[in-house]
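> 3D model of this:
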Amino acid sequence: MKKQVVYKILNIVTVFTVTMFFSCTNNFKDVQKVGVSENEPIGIAENINLKYTDSGKVKAILLSPKMLDYRNRDFAFNEFPEGIALDIFDEQNNKSVVVADYAIIYVNTGLIDLQGNVVITTHDGNVLKTEQLYYDQKDEWLFSNHFVEVSGNDNSLMKGNVFDANSDFSLVNIYEMHDSFMVLKE
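This is a model prediction of the structure:
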């Protein structure tokens with residue numbers, strides 16, 4: 001009888017121990033989040049003047065009054081609620097400028113969403129204007145499904161409702177065009 005009681009107690013202890021062992025999880029990330037609301041940024045930067053260099057050459061300069069860092073979210077992003085001004089330099093050190101009233105960069109996908117009075121001025125005088133423009137950093141591709149206006153340095157003007165182009169504007173597509181004209185050279 002004493003052996004049966006010992007076996008029952010041993011079985012109960014074993015079941016309890018195994019249950020406790022498998023119910024424990026690695027919640028280190030949850031512990032890190034204690035005190036940090038997922039609705040609040042984990043970092044705030046003000047008066048940003050960020051210079052990106054490659055091989056000793058300045059490739060881009062980002063200016064912004066404020067950046068909010070939301071890398072604490074499952075779909076991490078950086079938000080620029082007061083807009084951006086971005087100078088981009090090509091291999092010949094020609095400068096193109098991008099400005100927008102608002103920007104958001106999605107960390108995991110590399111997608112940049114520019115909103116509000118988006119203007120891109122290329123080094124050779126072409127100007128793109130729209131209310132929203134996306135830039136896929138991986139594919140180096142720009143696109144928008146908002147009204148877009150592209151004025152060329154040759155006095156041409158293209159307007160449309162859908163736009164996509166590569167990053168150096170050597171391939172530009174504008175769909176649903178209207179009120180546009182192009183200057184043809186002989």
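> which non-adjacent residue is nearest Phe143?
Leaving aside its sequence neighbours, Phe143 sits nearest to Asp164 (CB to CB, 6 or more residues apart in numbering; 4.0 Å). In short, each C-beta sits where N, CA and C put it, glycine included.
> any idea which element that neighbour lies in?
Element membership for Asp164, per DSSP states H and E: strand 162-166.
> give me the longest strand you can find in the chain.
Secondary structure of the chain read by DSSP state E shows that its longest strand is strand 57-70.
> direction included, what does that strand pair against?
Using DSSP bridges, strand 57-70 pairs in its sheet with strand 43-54 (antiparallel), strand 77-80 (antiparallel), strand 84-89 (antiparallel).
> bridging residues for the residue nearest to Phe143?
Residues in beta-bridge contact with Asp164 (DSSP bridges): Phe143, Asn173.
> indicate which one of the strands paired with strand 57-70 is closest to Asp124.
Asp124 lies closest to strand 84-89 among these, at 13.1 Å (CB to CB).
> mind listing what's buried along the closest one?
Across strand 84-89, burial judged by 16 or more other CB atoms under 10 Å covers Ile84, Leu86, Ile88, Phe89.
> next: stretch 162-177.
Neighbour-count burial for stretch 162-177 flags Phe163, Asp164, Ala165, Ser167, Phe169, Val172, Ile174 (criterion: 16+ other CB under 10 Å).
> pick the one among these closest to Ala103.
Closest to Ala103, out of all of the buried residues of stretch 162-177 and judged by CB to CB, is Ser167, at 16.3 Å.
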